[in-house]
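Q: Let's see this in three dimensions:
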Amino acid sequence: MLGEMTSAEQAAAFLTKNGIRETPQRVFVVQELAREENDATAAQIYDRLRRRGTNIGLATVYRTLSVLHERGAVDTLTHHAGELCYRLCAEVHHHHLVCTGCHRVVELRDCDLEPWVKRSAGKHGFTATDHQVEIVGLCADCRR
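A: Purely as a prediction, here's the structure:
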């Protein structure tokens, strides 16, 4: 995960680096997402921002997260039924382990799936351009 972006300047630089126009609301969303150790839904980010006294609408949070995802600046995870979770991640190719109990997320950086992905895609007439893996289960703490 990217380190916590403690300043508005760091969050603004992150937006600019990803080709996203800086607005105060987008800076707030990036800063709040950077505080998250694992992942968060749009509603969770909105609630946290409102509790901090930030004047922002839920639709703005959803739009900001959507733009961040479209530009590849955040990853989305699907372990919450019916709602995407968002996470600031490392820029290198990786996959995720996600605990369904506590929602802990671990990035897995060593990936040797490429030959299997290409072979499997080719069998079905596809050309693979990318792959993402989300392994869902229970962490050691939640299994106790």
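Q: tell me, what residue is most central in the protein?
A: Residue closest to the mean C-alpha point of the chain, counted by Cα atoms, centre = their mean, is Arg87 at 2.3 Å.
Q: So what sits opposite that one in the bridge?
A: Asp75 (DSSP bridges).
Q: same deal with His80?
A: His80 has these beta-bridge partners by DSSP bridges: Glu83.
Q: That one reaches Ala40, doesn't it?
A: No. His80 lies out of contact with Ala40 (Cβ atoms under 8 Å); the separation is 9.7 Å. Just so you know, the C-beta spots here come from the backbone N, C-alpha and C atoms, and that holds for glycine as well.
Q: Show me which of those two is the more surrounded one.
A: With neighbours defined as other Cβ atoms under 10 Å, His80 and Ala40 compare such that Ala40 has more, 21 against 16.
Q: Which pLDDT value goes with that one?
A: Here, the pLDDT recorded for Ala40 equals 93.
Q: Likewise for Ser120?
A: Note on Ser120: pLDDT of 94.
Q: now swap in Gly72 and tell me
A: The model reports Gly72 with a pLDDT of 88.
Q: residues touching it, list them.
A: Going by Cβ atoms under 8 Å, 6 or more residues apart in numbering, Gly72 touches Asn18.
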